[in-house]
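Q: What would the 3D arrangement of this be:
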Amino acid sequence: MSGGVRASRVLGAARLMGRSSLPVGRNCLAVTAFARQQQCSNTISIEMARKFSVEAAVQGETTEHEFQAETRMLLDIVAKSLYSEKEVFIRELISNASDAIEKFRLLQMAGEGPMDLTTDRVHNISIITDKVLRTLTIQDTGVGMTRQEMIDNLGTIARSGSKAFMQNLKDGGKVEPKDIIGQFGVGFYSAFMVADKIEVFSKSSVESSVGHLWSSDGSGKYSMQELADIQPGTKIVLTLKTEDAEFCDETNVRDIIKKYSNFVGSDVTLNGEKTNQLKPVWLMDPKEVDADTHDDFYKYVANAFDKPRFTLHYRTDAPMDIRALLYFPENRPGMFETSREGEAGVALYCRKVMIKSKADNLLPKWLRFVKGVVDSEDIPLNLSRELLQDSSLIRKLRQVLTNRVLRFLLERSRKETKSYMEFYKDYSFFLKEGIVTSNEQYEKEEIAKLLRFECSSLPSGETISIPEYTEKMKAGQREIFYLSAPSRQLAETSPYFESLKKDGTEVLFCYEPYDELVLMQLQQFDKKNVTSVEKEMRAVGEETVVNDDTLELKDQTDLTDWVKITLGQKAAKIKTTSKLESHPCVVTVEEMAAARHFIKTQGANFSEEQRYTILQPQFEMNPAHPIIKKLNELKTANPQLAILVTEQLFANSMVSAGLVDDPRTMLKSMNELLEKALEKH
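A: Here you go, the predicted structure:
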């Protein structure tokens, strides 16, 4: 037989293994203890535990079998390289046991009349730990396996019995198997990461046969042995390696069960005590879930002590199969939550089994404050069920979830305005981060609908959304204007606001330092440009205005030429403007927000001369202002004082524009100006 054919059989033959069987160590004392505990919990009888014990009557001789060469290599890969965390073997074995029970139920529903399927069973997955014997035992009341199935499934890696089982049921058209977990047929072998020896006791519920014991140390061989008088189902006994004895510690095993397998379809007991108390709330009908259930489940998935502020219970079959339950916390985010390095808050499940507790690619980074669960049968997983494959499907899932979250928050902003504004006060930082980091203009504009700003036409404290601003825009206005300032008072007295205020044009006021960067990144909203008033002041051309209150045109020209010589390389251009009323002068640059960000983050790395070269500030003077008129006189009457006044006016304008990182640098020139001004007094 060629190597290609053998490899094909190894990878394709595993159609029956799936989740129905799994390994664990041998332990007579543990079985006895197990029987006592099960008697209390009324799950599996003492008699059944005995019939599953290693003391079951042996029939026939032990036969040894050798793994195929390809299987031995795959076994080594699975045991050493496939899984990133050893603890996931418990998840895999519990999933197998759950599948075995689910297969039993499905065969009963299909009515195919196998031997033992007409008998009702109390289904249970029982786990026993024993520190003395260093064993871990996992037992189920599921469908079990025949001798040939044990040889086919346990002797061949990557043969998914669950997958074949589902296909057979679908082909029969009797039952739709939706709760079967297994896909790849490798989960069983993950137990070899921690076990020196694995024993599988199993008897089929489908065919009349004796039970069998499958045993292997993972070295390349396994043995088969008949067992008489055991109950149908499967028990796996792991004899743990010395260095992996932690997996026979009850507390550690309980934590792992709660982490990965808290929501499997059957009851899971650990040393007689039920461990999976919570229900998979995300799979329930949203109308049937009350607030208390949501509170409890939120505390579990978020590891939090507060309550959810908003709850989004989302179910859809198109364009993808998605079951999502997302919570928006009531408490304010802490330092670690606001950090970009913070972990994602959404866990990924597939058929009620946790795949990843912090799935960072289901929602964009800026939604890391959202807590909850996403479960989708369409999620493409790799063999270890730890990583997501098929990037196009993941991107689609991410897009669908993100759009649903944005739509949900928009609904809350309209229907629960007070609650939304409390949420916005605490979490607006994340929304603005989303605009800055997103690469999709559509997503940016959808997030922008959630932003709130004060507006020049509204009283202090009242806010408006960007869509509401656009509805109030003047006829013919094609730009959304905003002004960044530390406070309302400074915004209303800003020299950049004067001309728009005079025209009656509304302006959004932004008080957070990063707001102007957010709006600069937004660029457009509903095909309207988002423009800072500083940029508008610089961009719009104007004719030089001469009237009774201003300097004459010749005086304006002479003054601008003189100021240009006085300031030198500090100002790229000098001009007069009619847009100012109460202010003598102003500085504009091409992109004020970017310029301010540059000064704050990198300004210290450059000399003053280099900063002016980079910024290219434009100095604009108000020819009707008394200070400018007096300066025009001083340039000939007292040149030294005029120079000091000019430099101070320019420095004041740079401070007003937010382009001076440390105003204390102005003190020397200010003192010189005062000294010169007071010479005659």
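
Q: for the stretch 551-681 of the chain, which spans come out with low pLDDT?
A: Where the stretch 551-681 of the chain drops to pLDDT under 70, the residues are 681.

Q: With the chain instead?
A: For the chain, applying pLDDT under 70 flags the ranges 1-60, 66-82, 110-120, 155-186, 380-391, 540-543, 681.

Q: give me phi/psi at the residue nearest the centre of it?
A: With distances taken as Cα atoms, centre = their mean, A344 lies nearest the centre of the chain, 3.7 Å away. The phi and psi values for A344, taken as degrees, to the nearest 10, are phi -70, psi 150.

Q: Might you report the residue contacts of it?
A: A344 is in contact with K358, A359, D360, L362, L363, K365, R368, counting by Cβ atoms under 8 Å, 6 or more residues apart in numbering. Any C-beta I mention is one placed from the backbone N, CA and C, and that applies to glycine too.

Q: Surely the fourth one and V346 touch.
A: Spelled out, it's L362. Yes - judged on Cβ atoms under 8 Å, L362 makes contact with V346 at a distance of 5.4 Å.

Q: okay, and the common contacts of these two?
A: Common contact partners of L362 and V346 (Cβ under 8 Å, 6+ apart): V374.

Q: Pretty sure L409 sits in a helix.
A: Yes - the assignment for L409 (DSSP: H, G, I helix; E, B strand; the rest coil) places it in a helix.

Q: That one: neighbour count?
A: L409 has 21 neighbours, counted by other Cβ atoms under 10 Å.

Q: Would you enumerate the residues in contact with it?
A: Taking Cβ under 8 Å, 6+ apart, we find L409 in contact with F310, Y420, L450.

Q: Which of the residues you listed fall in strands?
A: Counting by DSSP state E, these place F310 in strands.

Q: give the contact list for K299.
A: The contact partners of K299, by Cβ under 8 Å, 6+ apart, come to F305.

Q: secondary structure element for it?
A: Assigned by DSSP states H and E, K299 belongs to helix 291-302.

Q: Using PDB, list the CA coordinates for that helix.
A: C-alpha atoms of helix 291-302 as PDB (Å, rounded to 0.1, in the frame of the first residue of the first chain):
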ATOM      1  CA  ALA A 291     -33.100  40.200  34.700                       C
ATOM      2  CA  ASP A 292     -31.800  38.100  37.600                       C
ATOM      3  CA  THR A 293     -30.700  35.400  35.200                       C
ATOM      4  CA  HIS A 294     -28.900  38.000  33.200                       C
ATOM      5  CA  ASP A 295     -27.300  39.500  36.300                       C
ATOM      6  CA  ASP A 296     -25.900  36.100  37.400                       C
ATOM      7  CA  PHE A 297     -24.700  35.100  33.900                       C
ATOM      8  CA  TYR A 298     -23.000  38.500  33.400                       C
ATOM      9  CA  LYS A 299     -21.100  38.100  36.700                       C
ATOM     10  CA  TYR A 300     -20.000  34.700  35.500                       C
ATOM     11  CA  VAL A 301     -18.800  35.600  32.000                       C
ATOM     12  CA  ALA A 302     -17.400  39.100  33.000                       C
END
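
Q: For that helix, buried residues please.
A: For helix 291-302, a neighbour-count test (16 or more other Cβ atoms under 10 Å) marks H294, F297, Y298, K299, V301, A302 as buried.

Q: Number of residues surrounding I599?
A: When neighbours are counted by other Cβ under 10 Å, I599 registers 21.

Q: Tell me if it really is in a helix.
A: Yes - assigned with three-state DSSP, I599 falls within a helix.

Q: Hmm, it is touching R611, no?
A: Yes - using Cβ under 8 Å, I599 is in contact with R611, at 7.3 Å.

Q: Now tabulate the buried residues of helix 291-302 in a markdown table and tack on distance to A572.
A: Rendered in a markdown table, the data for the buried residues of helix 291-302 read as follows (distance: Cβ to Cβ, whole Å):
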| residue | distance to A572 |
| --- | --- |
| H294 | 60 |
| F297 | 61 |
| Y298 | 56 |
| K299 | 59 |
| V301 | 56 |
| A302 | 53 |
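
Q: what residues does stretch 647-655 touch?
A: With Cβ under 8 Å, 6+ apart as the criterion, stretch 647-655 contacts 566-567, 570-571, 584-587, 617, 619, 621, 627, 631, 660, 663, 666, 669-670, 673.

Q: how about the CA coordinates for it, as CSV?
A: C-alpha atoms of stretch 647-655 as CSV (Å, rounded to 0.1, in the frame of the first residue of the first chain):
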residue,chain,number,x,y,z
GLU,A,647,6.7,89.5,19.3
GLN,A,648,4.3,89.4,22.3
LEU,A,649,1.2,89.6,20.0
PHE,A,650,2.6,86.7,18.0
ALA,A,651,3.4,84.7,21.2
ASN,A,652,-0.1,85.4,22.6
SER,A,653,-1.7,84.1,19.3
MET,A,654,0.5,80.9,19.5
VAL,A,655,-0.7,80.3,23.0
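
Q: F408 and L500, how far apart?
A: 35 Å (Cβ to Cβ, to the nearest Å).

Q: repeat for V373
A: In this view, V373 and L500 are 49 Å apart by Cβ to Cβ.

Q: Give the residue from those two that has the larger number of neighbours.
A: Neighbour comparison, V373 and L500: the larger count goes to V373, with 24 against 18 (by other Cβ under 10 Å).

Q: hang on, isn't that one packed against V346?
A: Yes - between V373 and V346 there is a contact under Cβ under 8 Å: 7.0 Å.

Q: is it true that M520 touches A594?
A: Yes - if you go by Cβ under 8 Å, M520 and A594 touch, sitting 6.9 Å apart.

Q: tell me how far whatever helix or strand H212 lives in is from the chain's mean position?
A: Per DSSP H and E: H212 is located in strand 211-216. Taking the mean of its C-alpha atoms, strand 211-216 sits 44 Å from the chain's own mean (Cα atoms, centre = their mean, to the nearest Å).

Q: same deal with stretch 629-645?
A: 62 Å.

Q: how long is it end to end?
A: 12 Å (Cα to Cα, to the nearest Å).

Q: Touching that stretch from outside, list them.
A: 551, 555, 558-559, 562, 566, 623, 627, 646, 649, 669, 672-673, 676-677.

Q: Can you flag the buried ones in these?
A: By neighbour count, with 16+ other Cβ under 10 Å, those hold L551, D555, L559, W562, T566, P623, T646, L649, L673, K676 as buried.
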